[in-house]
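J.: Any chance you can model this:
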Amino acid sequence: MIEQGLTLMVVGMSVVFILLVLLVYVMKLLSFVVNRYFPEVAEEVKPKTQGTGEAEILAAIAAAAAYHNS
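T.: Residues are numbered from 1 along each chain as shown. Prediction:
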């Protein structure tokens, strides 16, 4: 009775381990295929031209801090 339980446990754990290892390699293969045949296209980033630069942002933060402290 105990031998059947141990055999079932070993077989079950082995099957799960083999399937997980197989899953890892299938995912690696799928990643390779997708990156090879469908590469990610890099889009060019255009800067904003509205004039909100760092100086204006820092001035707004300073004004908010001065208003909060008064």
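
J.: Tell me which residue is most central in this structure.
T.: With distances taken as C-alpha atoms, centre = their mean, residue 31 lies nearest the centre of the chain, 13.6 Å away.

J.: measure it to residue 22 for me?
T.: Counting by C-beta to C-beta, to the nearest Å, the separation of residue 31 from residue 22 is 15 Å. (Glycine included, C-beta is placed from N, CA and C.)

J.: measure the residue nearest to the centre of the chain to residue 25 for me?
T.: 11 Å.

J.: tell me the SS of residue 39?
T.: Recorded secondary structure, residue 39: coil (DSSP: H, G, I helix; E, B strand; the rest coil).

J.: same thing with the one 3 residues further on?
T.: Here residue 42 is coil, with the state taken from three-state DSSP.

J.: I'd like to know how many residues surround it.
T.: Number of residues near residue 42 (other C-beta atoms under 10 Å) recorded here: 6.

J.: for residue 11, same thing?
T.: 10.

J.: Any buried residues in the helix or strand harbouring it, and which?
T.: Element membership for residue 11 (DSSP states H and E) is helix 2-37. Buried residues in helix 2-37, counting neighbours by 16 or more other C-beta atoms under 10 Å, are absent.

J.: now it, how far from the chain's geometric center?
T.: Chain-centre distance of helix 2-37: 23 Å, with C-alpha atoms, centre = their mean, to the nearest Å.

J.: Distance from the chain centre to whichever helix or strand comes after it, please.
T.: Per DSSP H and E, the first helix or strand lying C-terminal to helix 2-37 is helix 54-69. Here helix 54-69 shows a centroid-to-chain-centroid distance of 35 Å under the convention C-alpha atoms, centre = their mean.
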